[in-house]
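Visitor: My questions are about this predicted structure, shown below with the sequence.
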Amino acid sequence: MAGSVLENIQSVLQKTWVREFLAEFLSTYVLMVFGLGSVAHMVLGERLGSYLGVNLGFGFGVTMGIHVAGGISGAINHYAGGELLVTGPKSTANIFATYLPEHMTLWRGFVDEVFVTGMLQLCIFAITDKLNSPALQGTEPLMIGILVCVLGVSLGMNTGYAINPSRDLPPRFFTFIAGWGKKVFSAGNNWWWVPVVAPLLGAYLGGIVYLGLIHAGIPPQGS
């Protein structure tokens with residue numbers, strides 16, 4: 001009986017769509033643990049974290065997540081005096097999702113997210129383009145992790161470079177449910193939809209630019 005149950009479970013896990021779903025789920029989880037953990041260090045840890053640490057956390061979190069796919073404790077309550085704040089100097093919602101800073105307008109932030117994600121997609125195409133100058137086989141996860149880190153160091157200041165809806169929207173829902181309230185969606189002139197829509201548009205544009213300006217001009221191999 002137990003053997004037949006295990007065989008049934010194994011047969012389900014061997015289905016292609018199940019394996020792909022679980023791989024994407026776990027790899028995204030790994031990315032978020034490392035990335036959001038580095039943000040928590042910066043927000044809560046005073047001298048323990050830094051902006052560079054956030055970029056390294058997300059960059060190499062991507063690397064680990066790619067390899068996998070091939071909580072925060074009571075510190076938050078202590079930091080903000082028992083309040084779960086979305087804005088202000090003691091805000092902690094920004095540990096989990098991106099928020100529009102005061103020096104940015106909504107549409108400037110939208111353009112920024114489109115541009116940064118476009119750069120991400122363009123460079124990923126370059127890293128993996130076998131007809132161009134791709135990364136050495138097996139080093140692609142490391143190169144993509146370095147790419148994410150470079151994007152954060154050079155372009156991440158304005159909007160926090162979500163560059164992926166799954167990096168921003170699920171943690172935002174978590175903060176909504178966990179007590180930060182509806183302000184996680186209304187803050188920043190209803191900023192929440194930008195990290196969902198802009199990365200999709202930016203990825204398409206970055207891919208089109210690379211394919212149109214670089215890939216299309218590469219002579220076929222053997223010609």
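Guide: Great, that's in hand.

Visitor: Tell me the spacing between Thr92 and Gly53.
Guide: From Thr92 across to Gly53, the span is 17 Å (CB to CB, to the nearest Å). Where C-beta positions appear, they are placed from N, C-alpha and C, glycine not excepted.

Visitor: Those two - which one has more neighbours?
Guide: Remark: of Thr92 and Gly53, Thr92 carries more neighbours, 23 against 16, as counted by other CB atoms under 10 Å.

Visitor: List the contacts of the more buried one.
Guide: 43-44, 76, 79-80, 84-85, 180 (CB atoms under 8 Å, 6 or more residues apart in numbering).

Visitor: Spatially central, which residue of this protein would that be?
Guide: In the chain, the residue lying closest to the centroid (CA atoms, centre = their mean) is Arg167, at 4.0 Å.

Visitor: continuing past the helix or strand encompassing Ile124, what's the next helix or strand?
Guide: Using DSSP states H and E, Ile124 falls within helix 106-128. Downstream of helix 106-128, the next assigned helix or strand under DSSP H and E is helix 140-155.

Visitor: that older thread, could you say what helices and strands the helix holding Ile124 packs with?
Guide: For helix 106-128, the packing partners by 3 or more CB pairs under 8 Å, 6 or more residues apart in numbering; DSSP states H and E come out as helix 140-155, helix 183-190, helix 194-213.

Visitor: Any regions of the chain where pLDDT drops low?
Guide: Low-confidence segments of the chain, defined by pLDDT under 70: 1-3, 5-6, 13, 46-48, 70-74, 76, 221-223.

Visitor: Tell me the buried residues in the longest helix along it?
Guide: As assigned by DSSP state H, the longest helix anywhere in the chain is helix 16-44. Residues of helix 16-44 classed as buried by neighbour count (16 or more other CB atoms under 10 Å): 27-28, 30-32, 34-44.

Visitor: Mind telling me the two of those residues farthest from one another?
Guide: Taking CB to CB as the measure, the buried residues of helix 16-44 span a maximum distance of 25.7 Å, between Ser27 and Leu44.

Visitor: Tell me, how many residues neighbour Gly156?
Guide: Gly156 has 22 neighbours, counted by other CB under 10 Å.

Visitor: What backbone torsions are found at it?
Guide: Main-chain torsions, Gly156, degrees, to the nearest 10: phi -90, psi -10.
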